[in-house]
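Asker: What follows is a predicted protein model with its sequence.
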Number of protein chains: 2
Amino acid sequence: MISIKEVAKLAEVSPATVSRVINDSANVNEDKVRRVKKVIEETGFKPNEVARSLYRKSARIIGVVVPNIDNPFFNEIAKAIEDEAYRNGYRLTLCSSNEDVEKERVNIDLFASMNADGIILMTNEEEIFKKVESSKIPVVVLDRETAHGNEVACVQSDNYTGGRLAMEHLLNCGCKRIVAMRGPRNISSGRQRFEGYLKVCGERGVIPAFVDCGYDFEVGQSKTEELLKKYPDVDGIIAANDMIAMAVYKVLTRAGKRVPEDIQLIGFDNIKLSQLMTPELTTVEQRIPDMGRQATRILLDHIEGKPVLRNNIFPVKLIERETTRGGKQK
Amino acid sequence: MISIKEVAKLAEVSPATVSRVINDSANVNEDKVRRVKKVIEETGFKPNEVARSLYRKSARIIGVVVPNIDNPFFNEIAKAIEDEAYRNGYRLTLCSSNEDVEKERVNIDLFASMNADGIILMTNEEEIFKKVESSKIPVVVLDRETAHGNEVACVQSDNYTGGRLAMEHLLNCGCKRIVAMRGPRNISSGRQRFEGYLKVCGERGVIPAFVDCGYDFEVGQSKTEELLKKYPDVDGIIAANDMIAMAVYKVLTRAGKRVPEDIQLIGFDNIKLSQLMTPELTTVEQRIPDMGRQATRILLDHIEGKPVLRNNIFPVKLIERETTRGGKQK
DNA sequence: CTGAAAGCGCTTACAG
DNA sequence: CTGAAAGCGCTTACAG
């Protein structure tokens, strides 16, 4: 790689002038501009970003921590982040933590020592929030809520309303015996959805029925089996999310239950998969790409010193598809 | 962030000595080592990686270009790469190109100017291979074959055998009218699988029947409809990959065809999804995590100056599940 | 064993 | 408008 010094020599100006031309940071004699541009053109010179970031203390990098990149939800989020970051001249370095706190910690340190400009955090570990706080890098928390107040902003869905929507829909579809699969209790989205569900139970005089569950496919299968034993008369299931709903569908099918004829099923997230599977899954939509984009925008705005909204709650929406029976009463 | 100079002052040694302690790069008086370590401990000092990479001309970063991170296959690959990279102290910066050549080009330049140590490339664009070549960064090509000879290595599956396996399996399952959905013609994996299929046709005296297709779900749907019109008597379908198989399944179901009773179906890749869907998909397994890991290992070995295998072909394997009828003849 | 010095490739006051 | 100089935070010959 050719350096600014060599460009300067070839263009017969000083390195400072070349820098000024590259950055358009000061008026430079037209003729010199021309000469410099010509040399850059001919040599294919690109400024070394590492040297730049050393001086600027900014690498135009944003660090992203996801629990698991190999999960459609985070995956779709990451795509949106990457997209928005790229559009603004930022790169993205990725840490898929597998919920390994040590790995998250190491990566946060790395982000700091890389002069990353900001971090988008989707983690469940309280400890990491503290860590990040001490690193002084601006953070936006995505799809999570935190008790700490030091993050630049939170962006998440209105999970509570989502929980309500799911329950109300099954009720409207005529289900008499609805069972909720509660999401992880250490994740705010799981708690909030469940609260929405409970609230509707209260309003409609329904006795809550549920089973504790996580967000991953594997636990979905075993928890569905458990559910079937515990509530043999179930005719409606609210899955903790879409991946769980896929698992539910598999177990129900194996057990000879038809969806939606015998048991109606609703998911949460509206990941692309929910529409690809057959039957197509009724679900509560989170605006995943918008959330990823927004988190990134907020981070960039903050970096540029613009004011920023601290709490960003995205609306959710019921998407009726084939695993529930629409307005029809049973 | 505290710097090495301040650590030096606090420990009453020179910055050079601190550096030597950090890197364990020379013998240092025990007492000084102790002092330096103590100060580092107390201050939480972490060396600035940007400064390091400026000197070393290495950022311990590997750049990854995928056509689309929002696609299970690349997703699973990226996870494996991230994992292996992390284990070796490397970070990963990601470009999800959406097959946008301009974006790929910009990112390659960025990788170069970030002092990235290597690139793992999964692209379809000939042009990009040339670009990368000129950037002088070591490249390994993953899931692709190139005509260029300048990459460090290629890693891919034995797609030809995979194509054979798929066809032979459907034949063994008693299918009389098998139609292949040919993968993209500009991607080597698509061509090779199709060749395997053709070869078996030749050997078994079957007249080839196929429909041109891509690798993404959406085209899978329309191409399946086309297929059904063109070959109304079809009783076995070889999908271009698992995502296409999902689309095929949906269209068949909507058309009132049962799988595998009326039409048997086989995919390719063995992405996790193929096992999550119901019915579970018979498919040809690619060793996705191994391939990602191996690509990374090779890159790192090369960077460390170790010799490296140029062509890495991973074996494929038939995974029988529920969309074909095993050994049973019809 | 160890410190002062030079250098990695930029950028920006500073002085003219 | 423009160049020489200093500095971003490290590392490694070099000399002792």
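Answerer: Received it, and whenever you're ready, just let me know what you need.

Asker: How are the helices of the stretch 51-200 of chain A distributed by residue range?
Answerer: A:72-87, A:101-113, A:126-135, A:159-172, A:188-204 (DSSP state H, counting those that start in this stretch).

Asker: Quick one, which of those helices gets closest to B:Asn186.
Answerer: helix A:72-87 (22.8 Å; C-beta to C-beta). Every C-beta, even on glycine, is put in place using the N, C-alpha and C of the backbone.

Asker: mind listing what's buried in the closest one?
Answerer: A:72-86 (16 or more other C-beta atoms under 10 Å in any protein chain shown).

Asker: Pull out the buried residues from the lowest-mean-pLDDT helix or strand in chain A.
Answerer: Lowest by mean pLDDT, DSSP states H and E among the helices and strands of chain A is helix A:126-135, with a mean of 80. By neighbour count on 16+ other C-beta under 10 Å, the buried set for helix A:126-135 is A:Ile128, A:Phe129, A:Lys131, A:Val132, A:Ser135.

Asker: closest to chain B among these?
Answerer: A:Ser135 (8.7 Å; C-beta to the nearest C-beta).

Asker: and the closest one, what is it in contact with?
Answerer: A:Ile108, A:Asp109, A:Phe111, A:Ala112 (C-beta atoms under 8 Å, 6 or more residues apart in numbering or on different chains).

Asker: Could you identify which of those residues has the most neighbours?
Answerer: Most neighbours among the contacts of A:Ser135, by other C-beta atoms under 10 Å in any protein chain shown: A:Phe111, with 27 neighbours.

Asker: Would you mind measuring from the residue nearest to that one when sequence neighbours are not counted to A:Arg87?
Answerer: Once flanking residues are discounted, A:Phe111 sits nearest to A:Gly63: 3.7 Å by C-beta to C-beta, 6 or more residues apart in numbering or on different chains. As for A:Gly63, its distance to A:Arg87 is 18 Å (criterion: C-beta to C-beta, to the nearest Å).

Asker: Could you do A:Glu203 as well?
Answerer: 44 Å.

Asker: likewise A:Gln156?
Answerer: 23 Å.

Asker: Over to A:Arg52?
Answerer: For A:Arg52, the distance to A:Arg87 - C-beta to C-beta - is 20 Å.

Asker: May I see the buried residues of stretch A:310-322?
Answerer: A:Asn312, A:Phe314, A:Val316, A:Lys317, A:Leu318, A:Ile319, A:Arg321, A:Glu322.

Asker: end-to-end on that stretch?
Answerer: 37 Å (C-alpha to C-alpha, to the nearest Å).

Asker: Contacts for it next, please.
Answerer: Contacts of stretch A:310-322 (C-beta under 8 Å, 6+ apart): A:152-159, A:161-162, A:165-166, A:169, A:260, A:270, A:274-275, A:279-287, A:290-291, A:294, A:298, A:326.

Asker: do the same with stretch A:78-85
Answerer: A:62, A:64, A:66, A:69, A:91-92, A:94, A:120, A:288-293, A:295-297, A:300, B:68-70, B:94-96.

Asker: touching DNA strand D at all, stretch A:51-68?
Answerer: Yes: Stretch A:51-68 is in contact with DNA strand D by C-beta under 7 Å from any atom of the strand, via A:Ala51, A:Leu54, A:Tyr55, A:Lys57.

Asker: repeat for stretch A:102-117
Answerer: No: using C-beta under 7 Å from any atom of the strand, stretch A:102-117 stays clear of DNA strand D, with a minimum separation of 7.6 Å.
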